[in-house]
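A.B. asks: please find the sequence and the predicted model below.
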Amino acid sequence: QLQLVESGGGLVQPGGSLRLSCAISGDTSVAHAIGWFRQAPGKEREGVACVSGSGTSSKYADSVKGRFTVSRDSAKNTAYLQINNLKPEDTAVYYCAAPYGSWFPQDLTPRQFDYWGRGTQVTVSS
């Protein structure tokens, strides 16, 4: 079992930055990849980024490349999502997620992930 807890969301003005954190606990003997997703009201959950268990590989949705950076600190059992140049359309609940095993998911679809946090709200507004 794995527990994931997101933090770092909030209200930010357009053009601002945020760093979201995903605290990982439970069976940390396996280096799970960590994915980041977001869901805006009335929209489907969208995968935005993923970092491998080793932290050496990452992937991004085309819509966020250049503004989002995913990383992890294995010593702290924490993954991060740095978001720069925030836009109103980035407003959503952001979730972190992990697959059962140590594999790197093929894509950023929710079905590739098995453990989920409860999310943190990001609101971009002036």
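C.D. replies: All right, it came through fine.
A.B. asks: residue ranges with poor pLDDT in this structure?
C.D. replies: The model of the chain has no residue with pLDDT under 70.
A.B. asks: in it, where's the longest strand?
C.D. replies: strand 18-26 (DSSP state E).
A.B. asks: against which helices or strands is it packed?
C.D. replies: When contacts are defined as 3 or more Cβ pairs under 8 Å, 6 or more residues apart in numbering; DSSP states H and E, strand 18-26 packs onto strand 2-7, strand 34-39, strand 78-83, strand 92-98, strand 120-124. Quick note: C-beta positions are derived from backbone N, CA and C, even for glycine.
A.B. asks: would CSV of those strands with distance to Pro110 and mean neighbour count be doable?
C.D. replies: Converted to CSV, these look like this (distance: least, Cβ to Cβ, whole Å; neighbours: other Cβ atoms under 10 Å):
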stretch, distance to Pro110, mean neighbour count
strand 2-7, 14, 18
strand 34-39, 6, 25
strand 78-83, 16, 22
strand 92-98, 7, 24
strand 120-124, 17, 18
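A.B. asks: could you export the ones you listed as CSV, including distance to Thr109?
C.D. replies: Below are the helices and strands packed on strand 18-26 laid out as CSV (distance: least, Cβ to Cβ, whole Å):
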stretch, distance to Thr109
strand 2-7, 18
strand 34-39, 9
strand 78-83, 18
strand 92-98, 11
strand 120-124, 21
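A.B. asks: between the ones you listed, which one is nearest to Gly15?
C.D. replies: strand 120-124 (9.0 Å; Cβ to Cβ).
A.B. asks: which strands or helices does that closest one pack on?
C.D. replies: Secondary-structure packing of strand 120-124 (3+ Cβ pairs under 8 Å, 6+ apart): strand 10-12, strand 18-26, strand 92-98.
A.B. asks: switch the cut-off to 7 Å
C.D. replies: strand 92-98 (3 or more Cβ pairs under 7 Å, 6 or more residues apart in numbering; DSSP states H and E).
A.B. asks: direction included, what does the strand it packs on pair against?
C.D. replies: According to DSSP bridges, strand 92-98 forms sheet pairs with strand 34-39 (antiparallel), strand 115-116 (antiparallel), strand 120-124 (antiparallel).
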